[in-house]
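Enquirer: Predicted model, plus sequence, below.
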Amino acid sequence: MSIARLHSEPSAIELARQIAAGTISATEAVDAAIGRIEKLDGPINAVVVRDFERAREAAKAADARRAEGVAGPLNGVPMTVKESFNIAGLKTTWGFEHARDFVASEDSYVARKLKEAGAIIFGKTNVPVALADLQSVNPIYGRTNNPHDVTRVPGGSSGGGAAALAAGMVPLEFGSDIGGSIRTPCHFCGVIGLKPTYGAIPSDGHFAPGTSGAAPVLSMTGPMARTTQDLALALDLTAAMPLPRSRHADFNGMRILLLDNHPLAEVDAPVAAALRAAADAAANAGAIISSDSALLPDRAAMHPAYVKLMSNAMAVRMPPSEQYPDIGMRGWLGLLDQQADFTRQWQRLFSEFDAIFTPVFGTSAFKHTDEPDWQKRSLTINGRQTSFVPQIAWIGQATYTGLPAVSVPVGRDGNLPVGIQVITPHWQDHSAIAIAGMLHAMLG
């Protein structure tokens, strides 16, 4: 059963233009979006926190702003954000049973900046418990299904957002990513998402329910959309400072490193074919494709270092346990030193290349599983049962090093979409978005 409506609704920018031109009012746009959710979301279960009445009031205010000539770039555009973002007056649970009734008292940084641009946040989308899985199911809101095939996962932890985009419910969404939580859902659902350069978008108001404090190591918030133009606008509206424009207007002369294999993680044939097609399309447009470099870091050594740092970062507010022992100050600083050394190695790699093409995950969207332990899960890759756990090595390449990475759909595996990552140097987020846009225009 497929409910995907990827090309049937306008983008955020297109809708904003229609509202600005008076072709449609913000009130009509919000009512239409509410209607799509009420019609489509039953079998998907993506938009689990709904704020429809306040959205209708916000739409009236957006129409008044247009009449007064003071509208922002997203004036009247309805959108959703991940359940983990605080919105004043709405629940933020992260799927935790103990936080079932927690209500945020103020907006997150991202929500505030989007509202200042005129966007109307009328719902929040589903997540796994603790934002800690590549599927989106929790005891409060239940399970989210992939719109392309409801027997399969939409990804996680921003799975509800990717599903809502793919089903055409909303044109724009905001997620977060520490273990592929933006990129993997976009790959599984066939939409586009950015994990920004580490530090590019503040994370204030994206904390576990009832907590606050320092920005988490590795984790970033970022936009998700159906077009790269919407992605670029959302980045500009929420970035802490203006980021450089793209270095690339086309593929001519662009130096691309194709990382189609990993010492720890396998790739299924349809994913490998989509990656190869993206590289071939870029080469046909003038890019110079390489498949290796003497500067490429030791990824087999880097992956366990990434996993250890991520595990400690995610367990920071948990009591020490056998699984998450207290490693102490010196142990923590040692992990950061190791991360810094690998990051420098990847920075040197970009002296030879403008971008990296690599998988997001080794397969297309997998079937729902009730097995919570990643160590006990398996995947079928090229007809063989393989371990699930190593697959996050693909997304760890950009996460661990703080590099910007865009997940963009470039192929199919039967009725399921297949995406790849476009990784660029630090602060070249707009270059990653532009390159992804070129690929999407040719192959998406």
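Expert: Arrived safely, thanks for sending. None of the values given here were measured: they were computed from a predicted structure.

Enquirer: what residues are up against the residue most central in space within the chain?
Expert: Centroid-nearest residue in the chain, with Cα atoms, centre = their mean: residue 182, separated by 1.8 Å. Neighbour list for residue 182: 158, 175-176, 193-195, 222, 224, 407 [criterion: Cβ atoms under 8 Å, 6 or more residues apart in numbering]. All C-beta spots, glycine's among them, are computed from the backbone N, C-alpha and C.

Enquirer: Sort out for me which of those are in strands.
Expert: Those of the contacts of residue 182 mapping onto strands are 175-176, 193-195, 222, 224, 407, per DSSP state E.

Enquirer: I'd like to know how many residues surround residue 181.
Expert: Residues within reach of residue 181, counting by other Cβ atoms under 10 Å, total 34.

Enquirer: Compute the distance between the residue nearest to it when sequence neighbours are not counted and residue 322, please.
Expert: Closest residue in space to residue 181, ignoring its immediate chain neighbours: residue 157 at 4.1 Å, by Cβ to Cβ, 6 or more residues apart in numbering. Note on residue 157: its distance to residue 322, by Cβ to Cβ, to the nearest Å, is 24 Å.

Enquirer: quick one, which of the two is more surrounded?
Expert: The neighbour comparison of residue 157 against residue 322 (other Cβ under 10 Å) goes to residue 157, with 33 against 5.

Enquirer: looking at it, the more buried one is touching residue 129, isn't it?
Expert: No: between residue 157 and residue 129 there is no contact under Cβ atoms under 8 Å: 9.2 Å.

Enquirer: Compare the contacts of residue 182 and tell me which is most surrounded.
Expert: For the contacts of residue 182, neighbours tallied by other Cβ under 10 Å; top is residue 158, 37 neighbours.

Enquirer: hey, where'd the helices end up in this structure?
Expert: Taking DSSP state H to define them, one finds helices in the chain at 12-21, 26-40, 52-68, 109-116, 159-166, 183-189, 228-238, 269-284, 299-314, 328-349, 393-399, 429-443.

Enquirer: okay, the ones you listed in TSV with mean pLDDT and mean neighbour count next?
Expert: Shown next, in TSV, are these (pLDDT from 0 to 100; neighbours: other Cβ atoms under 10 Å):
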stretch	mean pLDDT	mean neighbour count
helix 12-21	98	19
helix 26-40	98	19
helix 52-68	98	16
helix 109-116	98	20
helix 159-166	98	34
helix 183-189	98	34
helix 228-238	98	22
helix 269-284	98	19
helix 299-314	95	17
helix 328-349	97	14
helix 393-399	98	26
helix 429-443	98	23
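
Enquirer: Can you add distance to residue 98 and give the ones you listed back as JSON lines?
Expert: Shown next, in JSON lines, are the helices of the chain (distance: least, Cβ to Cβ, whole Å):
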{"stretch": "helix 12-21", "distance to residue 98": "35"}
{"stretch": "helix 26-40", "distance to residue 98": "28"}
{"stretch": "helix 52-68", "distance to residue 98": "26"}
{"stretch": "helix 109-116", "distance to residue 98": "23"}
{"stretch": "helix 159-166", "distance to residue 98": "21"}
{"stretch": "helix 183-189", "distance to residue 98": "25"}
{"stretch": "helix 228-238", "distance to residue 98": "30"}
{"stretch": "helix 269-284", "distance to residue 98": "38"}
{"stretch": "helix 299-314", "distance to residue 98": "17"}
{"stretch": "helix 328-349", "distance to residue 98": "26"}
{"stretch": "helix 393-399", "distance to residue 98": "28"}
{"stretch": "helix 429-443", "distance to residue 98": "36"}
